[in-house]
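Undergrad: Show me the folded form of this:
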Amino acid sequence: MIQIERVSVLPDWEWAEHTKREMTEDAMDIITDSDFVYAVGNCAVVGLKYDNYLCPPSFWFVLAKTITPRELFAFRQIQHLIPRGTVTGVDISNEENVRFAKVFGFEELNLFGTRAGIEYQVYRRK
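TA: Numbers count the residues shown, from 1 in each chain. Prediction:
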């Protein structure tokens, strides 16, 4: 069982290369703007950000360098924390991110955007 704890700052971990690319200064504002932020074991931090309470939240995640397929699968134990309809942007250049979104029950939408030179595809939780 992976330990899940609520946090207010990113832990001082060694991050995956694609996570480092996403960690621009303005992107880090999402942590303070998020309503819920959880450290999941020693391998990821996930968060939910509600723009209002009538619409589904945005979900974001950053992965540590040491995440294993076993840990990725174990994340399903927190799936109940993510409301249906929640949306997230997935860096489609990294297959690990796509698998992570699918493990959490997200499906791809035909919507794309770019931020900090990274192309994202929008996924929604089924």
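Undergrad: What segments of this protein are strands?
TA: With DSSP state E as the criterion, the chain has strands at 4-6, 36-40, 44-49, 58-63, 87-91, 106-115, 118-125.
Undergrad: got a markdown table for the ones you listed, with mean neighbour count, distance to Arg21 and mean pLDDT too?
TA: Glycine gets a C-beta too; all of them are placed from N, C-alpha and C. Below are the strands of the chain laid out as a markdown table (neighbours: other CB atoms under 10 Å; distance: least, CB to CB, whole Å; pLDDT from 0 to 100):
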| stretch | mean neighbour count | distance to Arg21 | mean pLDDT |
| --- | --- | --- | --- |
| strand 4-6 | 11 | 26 | 87 |
| strand 36-40 | 19 | 20 | 88 |
| strand 44-49 | 20 | 16 | 88 |
| strand 58-63 | 21 | 11 | 86 |
| strand 87-91 | 20 | 8 | 91 |
| strand 106-115 | 12 | 11 | 92 |
| strand 118-125 | 18 | 6 | 93 |
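Undergrad: okay, those in TSV with distance to Gln77 next?
TA: Output for the strands of the chain, formatted as TSV (distance: least, CB to CB, whole Å):
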stretch	distance to Gln77
strand 4-6	8
strand 36-40	9
strand 44-49	12
strand 58-63	15
strand 87-91	18
strand 106-115	16
strand 118-125	16
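Undergrad: closest one to Asn97 among those strands?
TA: strand 87-91 (4.9 Å; CB to CB).
Undergrad: Give the other helices and strands that the helix of greatest length in the chain contacts.
TA: When the chain is parsed with DSSP state H, its longest helix is helix 95-103. Using 3 or more CB pairs under 8 Å, 6 or more residues apart in numbering; DSSP states H and E, the elements in contact with helix 95-103 are strand 58-63, helix 69-74, strand 87-91.
Undergrad: what sits up against it?
TA: For helix 95-103, contacts defined as CB atoms under 8 Å, 6 or more residues apart in numbering pick out 16, 18, 61, 63, 67, 72-73, 75-76, 88, 90-92, 108, 123.
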